[in-house]
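Colleague: model the following, please.
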Amino acid sequence: MGIYQAIANYYRYVAADLFPGHENRAVSIVLSAGVAAAVAGPVLATVAATIMTPKYAGSYLLVSALAACAFLTLLGLPRGVATVGIVDSQARGQLSDKGEGVGIMTMIRHLLLRPKFIMGASVCFSGCFAMALIMSGAPLVLEKDLHASDSFRAVAMQTHMIGMYFPMLFLPLMVDRFSQVSQIVVAFSVGIGGMAIGAINSPLAVLFSLLAIGVAWAVLYGVGSSLLTTSYSADERSVARGVGELFPVAGLALGSLLAAVIVSAGGWYPLIATAAAAMAGAWLVVGRLHKAE
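Modeller: Residues are numbered from 1 along each chain as shown. Sure thing, here's the model as predicted:
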C-alpha cells in the first residue's frame, strides 16, 4: 500500500505535464478528487471490515478492487503525450551524460538555491509534518487523556479527512483570485490558529484542531506542489521531481514517527506546540524568500 500510494503522488505531475502554462489549476483539480475518498473512504472501510472473516479481510479486498479500478482508469491516459515527454526527457539526459548539460549533483545544488523551489519544499514539508503529527497524535490524546468514546474518535477523524480534501474543490478557483503567497499565509494562519484553539484541551477543541490542520494541509500541499512544478526547466524535470518529492514524504514520515513519542513524553500541549512551530518556521522562510524575489 505504501508503494501504491507513493506512485499515486505523481499523478499531479502528470496533470501538470499535460497542461503546460496551467500547472497550478491542473494540480489543484487532481488533488480535489480526494474529497470522494474523505467522504466515502471511512464508510466503505467500516462496512467492508465485517462482511468477511477474519475481520478486516473485506477491507483489504475492497482496496484491491479500488486499485483495479485505478488501473483501468490509467489505461485511458493519453499515451502519445506521455511518450513524447519521456523521450524528450531521456534525450536531454543523454546530452547531459555527454557533457553538454549539467551533472545531477550540480542540478540539485542549483535547485536548492532557487527561492521558488525552497518555498515549495518548505511549504510541503511543514504542512505534511504538522498534519501527520496531529493526525497520528490526536487519537491517542482523545482515547488516553480525554477518554473520548469510539464514536467520537471516528467522527473526529472523518472531520479531519473532510478538512484535508474538501478545500481541494476550491483550489482551482483560488488560483486565479489569490496569489500563491496569499494562499500560504491563509493556510498557516488557519493551521496555527487551530493549534491555539486546541490548547483548550477538550474533545471538541481537539476535533477542531484536526479540522484546522486538515484545511491547512490541503492548501499548503496544493500550493507547495504548484511551486515545485514551476520551479525547474524541462531539462531538470526528472531530477527536480525526485528531489522535490522527498520533502512532503519526509514530513509525513517524521511527523508520524514523532507523534507517539511526543504524546508519551509530554501529552497534547507539546504536540500542538511542535506543529505550530513547524508552520511558523516555514512561514518565516516563505516571507524572506518572497521579499528577496
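Colleague: name the nearest residue to residue 213, ignoring sequence neighbours.
Modeller: residue 134 (4.6 Å; C-beta to C-beta, 6 or more residues apart in numbering). (Each C-beta comes from the backbone N, C-alpha and C, glycine too.)
Colleague: any idea which residue sits dead centre in this structure?
Modeller: Taking C-alpha atoms, centre = their mean, the centroid of the chain lies closest to residue 221, which sits 4.5 Å from it.
Colleague: what's the strand or helix carrying the residue nearest to residue 213 packed up against?
Modeller: Secondary structure from DSSP states H and E places residue 134 in helix 115-140. Contact here means 3 or more C-beta pairs under 8 Å, 6 or more residues apart in numbering; DSSP states H and E; on that basis helix 115-140 packs against helix 150-165, helix 180-198, helix 203-229, helix 237-266, helix 268-292.
Colleague: how deep is the residue nearest to residue 213 tucked in, by neighbour count?
Modeller: 31 (other C-beta atoms under 10 Å).
Colleague: go on, residue 173?
Modeller: With neighbours defined by other C-beta under 10 Å, the count for residue 173 comes to 11.
Colleague: show me what the helix or strand hosting it is packed up against.
Modeller: In the assignment (DSSP H and E), residue 173 maps to helix 171-177. Contact here means 3+ C-beta pairs under 8 Å, 6+ apart; on that basis helix 171-177 packs against helix 23-32, helix 203-229.
Colleague: contacts for the first one?
Modeller: With contact meaning C-beta atoms under 8 Å, 6 or more residues apart in numbering, helix 23-32 is reached by 11-12, 15-16, 18-19, 165, 168-169, 171-172, 174-175, 180, 218, 221-222, 225-226, 229-230.
Colleague: please save the CA atoms from it in PDB.
Modeller: Taking Å, rounded to 0.1, in the frame of the first residue of the first chain, the C-alpha atoms of helix 23-32 are listed here in PDB:
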ATOM      1  CA  GLU A  23       0.100  23.700 -13.900                       C
ATOM      2  CA  ASN A  24      -1.500  25.300 -10.800                       C
ATOM      3  CA  ARG A  25      -5.000  24.600 -11.900                       C
ATOM      4  CA  ALA A  26      -4.200  21.100 -13.200                       C
ATOM      5  CA  VAL A  27      -2.500  20.100  -9.900                       C
ATOM      6  CA  SER A  28      -5.500  21.500  -7.900                       C
ATOM      7  CA  ILE A  29      -8.100  19.600  -9.900                       C
ATOM      8  CA  VAL A  30      -6.300  16.300  -9.400                       C
ATOM      9  CA  LEU A  31      -5.900  16.900  -5.700                       C
ATOM     10  CA  SER A  32      -9.600  17.800  -5.400                       C
END
